[in-house]
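Asks: Fold the following for me, if possible:
(chains A and B)
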Amino acid sequence: MTLTPHELAVAQLGAAHGLPMERIKSLRFIKNNIIGNKTKKDLYIRLGIVPRLLDIASSRDDKDPQLKIQAVIVLGSFAFGNESNILALTNAGVVEPLLHCLAPTNDPLLIEAAARTLNAIYASPNVSRHELFEGTHLHSLVKLLDISRTTAYPGQDSTIVHTADLAASVLTRSCELAEHQVQIAASGAIPFLMRLLVSGIVRSQEAALDALAALAKDNPELAKHVAQFKLDKNERPASYMLRLVDDKSPTMRLAAATCLTYLNRAGAIPDYQSEVSLTVLTELVRMLNLTGPVQETAPKILAYLIWESEPMQSSVCEINTHTKLAAIISEQDDEDDVYRKPGQKDKLKENSLLALAAISQMKEDCRSKVIDTKVLPHIVAAMTHPSVGVRIAACQCTRSLSRSVKNLRTCLVDAGIEEPLLQLLSDSDPGVLSCATATLCNIVLDFSPMKKMVMERGIVGKLVHMINYGDKIVRQNAVWALKNLVCEAESEIKEIVMRQYGYHNLAQLLNDNSIEIQEQALNLVRNLACKREHDIEQVFKGLGEHRLMNILEEKLAWDDKRLLEQSVLSLMSHTHSEVRIATVWVVINLTWPDDKPRTFVGERVNILRQMGFEKQLRSMSNDHTLDVRDRVKTALSHLEHDHYRASLENSNGHGGLPPRHEIAGAGGSGGEVTPLPGYGRPSGTGGGGGGGGSNVLMSDADRR
Amino acid sequence: MPGMIPSAKKTISKEDWEARLAEVSVDRDDLNKLIMNYLIIEGYKDAAEKFSQESGATPPVNLESIQDRMIVRTAIQRGNIEAAIDRVNDLNPEILDTNPKLFFHLQQQRLIELIREGRIDDALEFAQEELAPRGEENPEFLAELERTMSLLAFELNSPSPVSDLLTPGQRQKLASELNSALLLSQSQEKDPKLPNMLKMLAWAQQQLEERVTFPKIQDFSKAELVLESPAAQGGPGGSTLGNGGGTVTVPGA
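Replies: Got it, this is the predicted structure:
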């Protein structure tokens, strides 16, 4: 049987076959066959080429670097194929030998080829990066960023510079975890990247911007480090990058805008430089009029930039961005192009939806403007799109839009979002589930006409199932949804819910491993008990009086000093009077004379005083809100020497038990400052501070 | 027509104009860089080398990279597409793996060359094995593929709706596309700055001409200032630059 030329070429790679020259010739033949040709790549993988290439790439025989170089280049071309090609490479174990090829003593062309191949492999989010962070590999890689090495390699400048670009790109793709970001920075990458940034070489500058962005993303500490670096003449990187936002190359503009966005959202660009974010914002919006990858990515970055920022959402709305985004989304549905590959524009749709979700996240007038663009039917259609990313993004839109009572009662019902939403609750993707459950929280509120519809479709059972089997976020959202479902609800509904969920499960949930879930569980108890006497009795009966009291006491006993200092003391000067009142109540409750010995309370008073609470309270005596002044008076009286008398006075005032602050008793979801209790709170609790919501959004957006 | 009322226009004398020009100082280094930029991007390696020696301007890139690009360009212009592909893959194996459109155009040209040589069976096999899968991967290529295939339906030397594919212009287009991709991969501009500046000069002269009569450059290769008599006005004024790019010759190169 005669061999095809391809089979022959693979056979000739074996070590037993002849001279290195012959093998190099075969490798070049294969290379020129597979580059750009996905069919041939698949063919060669089927012919079993990978292990042979691996042998060559990991051989210790360095007499002829060409052989190794060509083998590594061929490996790289496979990695430019598809996900399964990459998998074939990583399963064979090519990453480790490739990392060894990066060692600085190797031939610069081998290093370049290895960096390129590694970069192509790391394009896949499914490949583990752990090998890079073991041994000296990271160190070798970071050294490659140094373009001043060119002096040591005369005539190979372009190889050295190109290798630096590739190394930066490998690092960009290895920043997914915070610990990796930190390790990369600790290896000294930032100064080298800064030199690339100001190199004036387009590709290098873009690669440096990408890497710096990846290091700063969601990492306030590193972002600060990047922002405070001093370039020539003490210029700060942000002002240099701001000039690149005006560059003539769109990819450079996008890279610079992205980096500045991440620095901004990580709090590294101070407020007085707010024109930075406005410039970036305007540029990102302008990019929507381009085509290709820049237009595709810009709305995602825009969404990230304006997420949880009311002023920026307003600004974006004012320049009619929503109209453009709505047009992009709608056009695709109307387009009927036989020459278009299915799925080709999914990313553009997904990211545009994310941007719309961000625009309509906080401001009611932005929401109305989005609705006015008539894009809603397209959003609803996108909820059942074949692409996971598009489904999540569409769901995120409905979640933002459903934060308005008006929308809940009108357009969202008319558009029929409950049907696709219910469908999403059975989705196999965890990202879809967490977004769908978060949207559901708003749909099941008492004034929502869709509440009845979804209840008839068995939503309670579904949520109970999710609490039992979902991942952490889904469980948390599902409890949240139950909490909202019973908020201000008829006793009958509460009983339906608890018949399906069961008080013994609720009791367990109150001691869940996750503190966030515990919080929601407590809120659920509160909403169940509020506010009819009958409801209270049901809860006592269901959980058992003794058990309930024990649980509550246990939760309240948590008075960590740092917690007090960070949350309560700092919030005492909050702009909202309600927040100030709540903080004062904390002091009042902590100093309430109870049945424990007086010395116990006295000790707490001392601690609070040492922490500066008394001073802070005195400064609040002239607060412009009467309620605050009243509570401050009470709190101060508690801190005064005669606790006993003070307590008597207050007992008269409040009729015995020290009431917890009113917000908690109102049946809402606790401390929500938005006009509607319980709306979309999941977005704000995903993690610490402002990053929480963004995390939810961006991790979804990055999912492939 | 602005030239219709010559009496309304002011005239600037040649002396006056030259005096004004003398006030503007242009950095010699900048001029040299501009010329070097043109020579490198357009691929005049020898000229760039000589110019570097004479003017002392250091080329911003390795001059060998010019040579590489020129070899690729020449191969395409001769219809030797495979040689060009091999060379590009040696220079940077990433280019054709990450640029499906360019890769398709190269394969399309290979098909065209096979048809030109009358190797119909080879052409059919090549189209089926190499081009059809690319069309499957990227349906946007299908229209072009169909057009190329219809070459087979016409006599080679008789005019047809697709005969443009057989012109040197088709090879030229591909050579430029490939040259741009190579330049981009080397972090270089894909268009030289000089032709654009000349276009700008032509435009500026035209604008100014609407208001005043002044000594202008009519022949860019000589760069002489000519003060026209009002009657002779309305000439083409730099229309030779219309198609930009390679048509401009640089004095002294």
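
Asks: Mind telling me what element the residue in the stretch 101-250 of chain B that chain A sits nearest to is part of?
Replies: Closest approach of the stretch 101-250 of chain B to chain A (Cβ to the nearest Cβ) occurs at B:F103, with a separation of 3.6 Å. All C-beta spots, glycine's among them, are computed from the backbone N, C-alpha and C. Here B:F103, judged by DSSP states H and E, is contained in helix B:100-116.

Asks: how about the next helix or strand after that helix, does it reach chain A?
Replies: Per DSSP H and E, helix B:100-116 leads on to helix B:120-126 as the next helix or strand towards the C-terminus. No. Contact check for helix B:120-126 against chain A, using Cβ under 8 Å from any Cβ of the partner chain: none in range, with a minimum separation of 12.3 Å.

Asks: The spatially closest residue to B:R116 that is not a sequence neighbour - how many residues pack around it?
Replies: In this structure, B:R116 finds its nearest non-sequential neighbour in B:L166, 6.2 Å apart by Cβ to Cβ, 6 or more residues apart in numbering or on different chains. For B:L166, the count of nearby residues is 18 (other Cβ atoms under 10 Å in any protein chain shown).

Asks: Do the strand or helix carrying B:V88 and chain A come into contact?
Replies: For B:V88, the host element (DSSP H and E) is helix B:81-91. Yes. Among the residues of helix B:81-91, B:82, B:85-86, B:89 lie within reach of chain A under Cβ under 8 Å from any Cβ.

Asks: which stretches of the stretch 301-450 of chain A form helices?
Replies: A:310-318, A:321-334, A:346-359, A:364-372, A:376-382, A:388-401, A:405-409, A:411-414, A:418-424, A:430-443, A:450-456 (DSSP state H, counting those that start in this stretch).

Asks: Check the offset of the first one from the chain's centre.
Replies: The gap between the average C-alpha position of helix A:310-318 and the chain average comes to 21 Å, counting by Cα atoms, centre = their mean, to the nearest Å.

Asks: tell me how far the ends of stretch A:443-455 are from each other?
Replies: 11 Å (Cα to Cα, to the nearest Å).

Asks: what domains does the record give for chain A?
Replies: The record, using automatic domain parsing to delimit domains, assigns chain A the ranges A:1-127, A:130-268, A:572-665.

Asks: Need those in a markdown table (columns: distance to A:D365).
Replies: Output for the domains of chain A, formatted as a markdown table (distance: least, Cβ to Cβ, whole Å):
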| stretch | distance to A:D365 |
| --- | --- |
| domain A:1-127 | 37 |
| domain A:130-268 | 24 |
| domain A:572-665 | 21 |
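
Asks: Format those as TSV; extra columns: mean pLDDT.
Replies: Output for those, formatted as TSV (pLDDT from 0 to 100):
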stretch	mean pLDDT
domain A:1-127	91
domain A:130-268	94
domain A:572-665	72
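
Asks: would you list those in JSON lines and tack on mean neighbour count and distance to chain B?
Replies: Formatted as JSON lines, the domains of chain A follow (neighbours: other Cβ atoms under 10 Å in any protein chain shown; distance: least, Cβ to the nearest Cβ, whole Å):
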{"stretch": "domain A:1-127", "mean neighbour count": "19", "distance to chain B": "4"}
{"stretch": "domain A:130-268", "mean neighbour count": "20", "distance to chain B": "4"}
{"stretch": "domain A:572-665", "mean neighbour count": "16", "distance to chain B": "50"}
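
Asks: Can you check which of those gets nearest to A:L528?
Replies: domain A:572-665 (13.3 Å; Cβ to Cβ).

Asks: quick one, phi/psi of A:S199?
Replies: phi -70, psi -20 (degrees, to the nearest 10).

Asks: who touches it in this structure?
Replies: A:S199 makes contact with A:147, A:161, A:205, A:208, according to Cβ atoms under 8 Å, 6 or more residues apart in numbering or on different chains.

Asks: State the distance from it to A:V432.
Replies: In this structure, A:S199 and A:V432 are 42 Å apart, going by Cβ to Cβ, to the nearest Å.

Asks: again with A:L3
Replies: Distance from A:L3 to A:V432, by Cβ to Cβ: 49 Å.

Asks: again, but for A:V280
Replies: 30 Å.

Asks: before we move on, what about A:V464?
Replies: Counting by Cβ to Cβ, the gap from A:V464 to A:V432 is 19 Å.

Asks: quick one: which of these two has more around it?
Replies: A:V432 (24 against 17).

Asks: That one touches A:L421, doesn't it?
Replies: No. Counting by Cβ atoms under 8 Å, A:V432 stays clear of A:L421, with 10.6 Å between them.

Asks: who touches both of the two?
Replies: With Cβ under 8 Å, 6+ apart as the test, A:V432 and A:L421 both reach A:C395.

Asks: Now tell me what touches stretch A:113-122 from outside.
Replies: A:69, A:72-73, A:75-76, A:79-80, A:86, A:89-90, A:94-95, A:98-99, A:101-102, A:106, A:127, A:129, A:141, A:144, A:163, A:166-167, A:169-170, A:173-174, B:93-94.

Asks: Which members of those are positioned in helices?
Replies: A:69, A:72-73, A:75-76, A:79, A:86, A:89-90, A:95, A:98-99, A:101, A:141, A:163, A:166-167, A:169-170, B:94 (DSSP state H).

Asks: contacting residues for B:S163?
Replies: Per Cβ under 8 Å, 6+ apart, neighbours of B:S163: B:F154.

Asks: try it again with 10 Å
Replies: Residues near B:S163 by Cβ atoms under 10 Å, 6 or more residues apart in numbering or on different chains: B:151, B:154-157, B:170.

Asks: Using TSV, lay out those residues together with neighbour count.
Replies: Putting those into TSV (neighbours: other Cβ atoms under 10 Å in any protein chain shown) gives the following:
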residue	neighbour count
B:L151	18
B:F154	15
B:E155	8
B:L156	13
B:N157	8
B:Q170	16
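
Asks: Reformat these as TSV; add distance to chain A, secondary structure and pLDDT.
Replies: Converted to TSV, the contacts of B:S163 look like this (distance: Cβ to the nearest Cβ, whole Å; DSSP: H, G, I helix; E, B strand; the rest coil; pLDDT from 0 to 100):
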residue	distance to chain A	secondary structure	pLDDT
B:L151	20	helix	91
B:F154	23	coil	85
B:E155	29	coil	81
B:L156	28	coil	79
B:N157	31	coil	79
B:Q170	20	helix	94
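
Asks: still on that earlier bit, which among the contacts of A:S199 gets closest to B:E130?
Replies: Distances from B:E130 to the contacts of A:S199, taken by Cβ to Cβ, are shortest for A:V161, at 33.7 Å.

Asks: now the stretch 251-400 of chain A, which segments are flagged as low pLDDT?
Replies: A:271-273, A:335-343 (pLDDT under 70).

Asks: low-scoring stretches of the stretch 101-250 of chain B, by residue?
Replies: In the stretch 101-250 of chain B, residues with pLDDT under 70: B:229-250.

Asks: Now do the helices in it.
Replies: B:120-126, B:132-137, B:142-149, B:168-185, B:193-209.

Asks: Reformat these as TSV; add distance to A:K38.
Replies: Below are the helices of the stretch 101-250 of chain B laid out as TSV (distance: least, Cβ to Cβ, whole Å):
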stretch	distance to A:K38
helix B:120-126	17
helix B:132-137	6
helix B:142-149	16
helix B:168-185	19
helix B:193-209	38
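
Asks: of those helices, which approaches A:H574 most closely?
Replies: Across these, closest to A:H574 is helix B:168-185 (Cβ to Cβ), at 53.0 Å.

Asks: Assess the claim that A:L263 and A:P237 are in contact.
Replies: Yes. In this structure, A:L263 is within contact of A:P237 by Cβ atoms under 10 Å, at 8.1 Å.

Asks: Overlap in contacts, those two.
Replies: Both A:L263 and A:P237 are contacted by A:212, A:216, A:226-227, A:269, under the criterion Cβ under 10 Å, 6+ apart.
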